[in-house]
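> Provide a 3D model corresponding to the input given below.
(chains A, B, C and D)
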Number of protein chains: 2
Amino acid sequence: MGAADSDATRPLRRDAVRNRERVLVAAGRLVAEHGVDVSMEQIAQEAGLGIGTLYRRFPNKDALVDALVEAFVEQVVDAGRSLLVRDEGTGLEDFLREAGRSLSEQRGCLPRLWHPSRATPATREARVVVGALLAQAQEHGRVEPGIAVGDVFVLLWALRGIIETTGELAPGAWERHLDLHLAGLRCRPLPTTRPPVSLDQIAHLAPPGA
Amino acid sequence: MGAADSDATRPLRRDAVRNRERVLVAAGRLVAEHGVDVSMEQIAQEAGLGIGTLYRRFPNKDALVDALVEAFVEQVVDAGRSLLVRDEGTGLEDFLREAGRSLSEQRGCLPRLWHPSRATPATREARVVVGALLAQAQEHGRVEPGIAVGDVFVLLWALRGIIETTGELAPGAWERHLDLHLAGLRCRPLPTTRPPVSLDQIAHLAPPGA
DNA sequence: CGGCATACGGAATCGCCGTTCCGTTTCGGC
DNA sequence: GCCGAAACGGAACGGCGATTCCGTATGCCG
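Here you go, the predicted model:
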């Protein structure tokens, strides 16, 4: 079968690698600032490239945005992982603050952030890291045992909603909400009887309007 | 000035009134289900009318969506007002649950909900009603005195974010978040030092990407 | 240096959607 | 029932943006 290696990923030419990077940087900047509705032409211009070049690296606009989102999630997850090694019990809170800050800077990505058509590697990894951070917080008595990983994800989605709404008009709003909510997570007994979102549910978030 | 009454709103013909209502109903249904990106043609079809008729009642699509959003906000505010008269202290919590339920049903409107180009009458009224509900809750000792109207709005935006993300996959997620958060609002001393969002900031929410 | 696969640019294509226009139909007062 | 104003339907227009295509330029290997 000589065709076996026809889809093997051949190394890109040096200029192609450089340009791919330029596209991602340009798209990242524009999307963060103006949202996902920036046109491919704007991105190409920002990158100093032709439109055709964008399409040589990414089959379509969706793929480009997906790449941006994936990179963003990876960055946040990495931040969380590095907080994990300290094992101080405050890792979860620090992570949430860090994530909030990142969300604020990537406002344009937000509508796409938790709407992947299916779970990506970074999303899966996020569940693991958050679970570990939560476990540490609970061991140190900073969070009630009844709190689940799903609750932390829901909190992230809440922060996203706040940041999306307040934009730069009230940049500190999300952090006050976080402070208040963290207090709720410490309450004993657990102030709710409703079950948390399950890991499975987290994994199956569907795109809107589908 | 014979032109003085040239812009007086003349009563609509009976069929025009009926059709205007049909448009709003159809648009409401489609937007709730599929989001604001439904085309005018789809709305016209759902309403059983021609496109031209839509444009006779609403100057453009934005105006139509604005009318939907305004109606939605009014409905929620009315619900809040009716909780106010009981003066039981639980009005605020009941209002938040009611609002969450309404948000869940109007998922498609959400991206536009708190992005009016400028404050509408309903939005202004919302501030008043929420303020009164909060005051009652505080008098009854169900919410700490340090909590402000802005905190309640931020909580609503948080719920919106959760509902937008979870959709019908985890319909109860927002309510658990609310339970946990309400516990935080009761904590003494106030678990944060950050200032709440001000009324003025609430009034000046700007459209995204502007 | 030569040859070619790979990459690039950007004009042209294509489809979609908001909006406009105008001939036809319907309402409502007389 | 008759008439003019108001309303209706839906084809046609215009713009925008994603995507494609192909002639040209460039890195890479021998």
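> distance of the closest residue to DNA strand C within chain A from A:L12?
Closest residue of chain A to DNA strand C, CB to the nearest atom of the strand: A:G52 (1.9 Å). Quick note: C-beta positions are derived from backbone N, CA and C, even for glycine. Distance of A:G52 to A:L12, given as CB to CB, to the nearest Å: 16 Å.
> Which one's more surrounded, the two?
Legend: neighbour count by other CB atoms under 10 Å in any protein chain shown for A:G52 and A:L12, higher for A:L12 (13 against 8).
> give the contact list for that one.
A:R20 (CB atoms under 8 Å, 6 or more residues apart in numbering or on different chains).
> For it, give its distance to A:N19.
9 Å.
> Would you mind grabbing the residues shared as contacts by the two?
By CB under 8 Å, 6+ apart, no residue touches both A:L12 and A:N19.
> Now do the helices in chain A.
Counting by DSSP state H, chain A has helices at residues A:14-34, A:40-47, A:51-57, A:61-84, A:91-105, A:110-113, A:121-139, A:149-166, A:173-186, A:199-203.
> So which of the ones you listed has the densest surroundings on average?
helix A:149-166 (a mean of 26; mean count of other CB atoms under 10 Å in any protein chain shown).
> does A:A16 really touch A:L49, like I thought?
No: contact between A:A16 and A:L49 fails when scored by CB atoms under 8 Å: they sit 11.0 Å apart.
> so how far is A:E41 from the residue of chain A closest to DNA strand C?
Relative to A:E41, A:G52 is positioned 11 Å away (CB to CB).
> before we move on, what about A:H34?
Distance of A:H34 to A:E41, computed by CB to CB: 13 Å.
> what do you get for A:V152?
Separation of A:V152 from A:E41 (CB to CB) stands at 39 Å.
> check contacts around A:H204.
By CB under 8 Å, 6+ apart, the neighbours of A:H204 are A:119, B:169.
> Also A:G146?
Counting by CB under 8 Å, 6+ apart, A:G146 touches A:189-190.
> and the residue nearest to A:L96 when sequence neighbours are not counted, what does it touch?
Closest residue to A:L96 apart from its sequence neighbours, by CB to CB, 6 or more residues apart in numbering or on different chains: A:L178 at 5.8 Å. Counting by CB under 8 Å, 6+ apart, A:L178 touches A:96-97, A:100, A:155, A:159.
> Could you point out which of these is nearest to B:T193?
A:R97 (14.0 Å; CB to CB).
> does the closest one really touch A:E175, like I thought?
Yes: between A:R97 and A:E175 a contact is recorded at 6.9 Å, counting by CB under 8 Å.
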